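Participant: how would this look folded up:
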Amino acid sequence: MGGLVLALASPARAQSAEPVLPTPAETPPVNEAACPVNAESIVLAADGLARTRAAVARGKVTILAVGSSSIAGWGASAYERGFVPLLQTDLRRRLPGVQVDVVNRGVGGETARETVDRLGKELADHRPDLVIWQVGTNDVMRARPWNDVAADMQRGEAVLTAAAVDVLLIDPQRLPPDEVNVNTRGRNAQLGEAARMIALEGDRVGYAVQRRFDAMAAWTRLTRGGVGPDDLHLNDEGYACWAAITGEALAAALR
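Facilitator: Residues are numbered from 1 along each chain as shown. Below you'll find the model as predicted:
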């Protein structure tokens, strides 16, 4: 089946209570000249996001975001400037009259295996219509064999199928070039290959796939290409751009 292709990485902080999400007025502006935003960053399978589209028609959508530090929001100057709060605000603006709740269950440092180990409980706890699964970055950074990652993803797919939810896969982020980020020399090639494999798997099972690695190649006018001073996690501009790209593409697919 044809996968869904968006244009997007993942950290998680423990939160003792549900954080206060920003209102649209508090959302940092996106420089569209530096962050190209268009609905064409999503390619849908024949029935892609059908459950979520039905939820939109009913007026209430729950999205569960899982993955690692990019989902958690590591690198942002404040929680509300991370991906999940910004995406929720963006989708509420783009889908007026629809109650959109995006649940942040990112865990920093997590691999695909660790995400899948807790996935069943997360699904039972939150009962989402759509699962956003950011995957691959930490597996590459830890040099895990891709066959192991693929096996983890297929184990996760069985859990997701049993829960009857829509799925959007998000591939790894792009790192600064080797000459700038010598500590991760050669990793971009590996992250790009992981992105290619994730796209193939999404296509095989009919999932949406957000091609964040490719999208970030166009972020040259963002500060440090949207990546923070640790040369790994996104900065505020990167999170704002990622959320805007995702919100525009998802809203267009769900209307």
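
Participant: any idea which helix or strand carries Gly109?
Facilitator: For Gly109, there is no enclosing helix or strand under DSSP states H and E.

Participant: pretty sure it contacts Ser68?
Facilitator: Yes. Gly109 lies in contact with Ser68 (CB atoms under 8 Å); the separation is 6.2 Å. C-beta here means a position set from N, CA and C on the backbone, and glycine is covered the same way.

Participant: overlap in contacts, these two.
Facilitator: Residues within reach of Gly109 and of Ser68 at once, by CB atoms under 8 Å, 6 or more residues apart in numbering, are Asn138.

Participant: more crowded one of the two?
Facilitator: When neighbours are counted by other CB atoms under 10 Å, Gly109 and Ser68 differ, and Ser68 comes out ahead with 29 against 15.

Participant: got the phi and psi for that one?
Facilitator: The phi/psi pair for Ser68 (degrees, to the nearest 10) reads phi -110, psi -140.

Participant: could you measure from it over to Thr52?
Facilitator: As judged by CB to CB, to the nearest Å, Ser68 and Thr52 stand 23 Å apart.

Participant: tell me where the stretch 1-150 of the chain has helices.
Facilitator: In the stretch 1-150 of the chain, the helices defined using DSSP state H, counting those that start in this stretch lie at 50-58, 69-72, 83-94, 112-126, 137-141, 146-163.

Participant: let's have those in TSV, adding distance to Ala243.
Facilitator: TSV is the format used below for the helices of the stretch 1-150 of the chain (distance: least, CB to CB, whole Å):
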stretch	distance to Ala243
helix 50-58	17
helix 69-72	11
helix 83-94	4
helix 112-126	20
helix 137-141	17
helix 146-163	23
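
Participant: looking at the ones you listed, which is buried most?
Facilitator: Of all the helices of the stretch 1-150 of the chain, helix 69-72 has the most neighbours on average by mean count of other CB atoms under 10 Å, namely a mean of 29.

Participant: so which elements touch that helix?
Facilitator: helix 83-94, strand 99-106, strand 130-134 (3 or more CB pairs under 8 Å, 6 or more residues apart in numbering; DSSP states H and E).

Participant: any idea which of the ones you listed gets closest to Gly228?
Facilitator: Smallest distance to Gly228 across these (CB to CB): 13.2 Å, for helix 83-94.

Participant: which helices and strands does that closest one pack with?
Facilitator: Applying 3+ CB pairs under 8 Å, 6+ apart, we find helix 83-94 packed against strand 60-67, helix 69-72, strand 99-106, helix 236-254.

Participant: one more time with 10 Å
Facilitator: When contacts are defined as 3 or more CB pairs under 10 Å, 6 or more residues apart in numbering; DSSP states H and E, helix 83-94 packs onto strand 60-67, helix 69-72, strand 99-106, strand 130-134, helix 236-254.

Participant: any chance of TSV for these, columns mean pLDDT and distance to Gly206?
Facilitator: Listed next are the helices and strands packed on helix 83-94 as TSV, based on pLDDT from 0 to 100; distance: least, CB to CB, whole Å:
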stretch	mean pLDDT	distance to Gly206
strand 60-67	98	18
helix 69-72	95	22
strand 99-106	98	22
strand 130-134	98	14
helix 236-254	93	14
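
Participant: let's have the ones you listed in TSV, adding distance to Gln154.
Facilitator: Supplementary listing: these in TSV, determined by distance: least, CB to CB, whole Å:
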stretch	distance to Gln154
strand 60-67	16
helix 69-72	21
strand 99-106	21
strand 130-134	13
helix 236-254	25
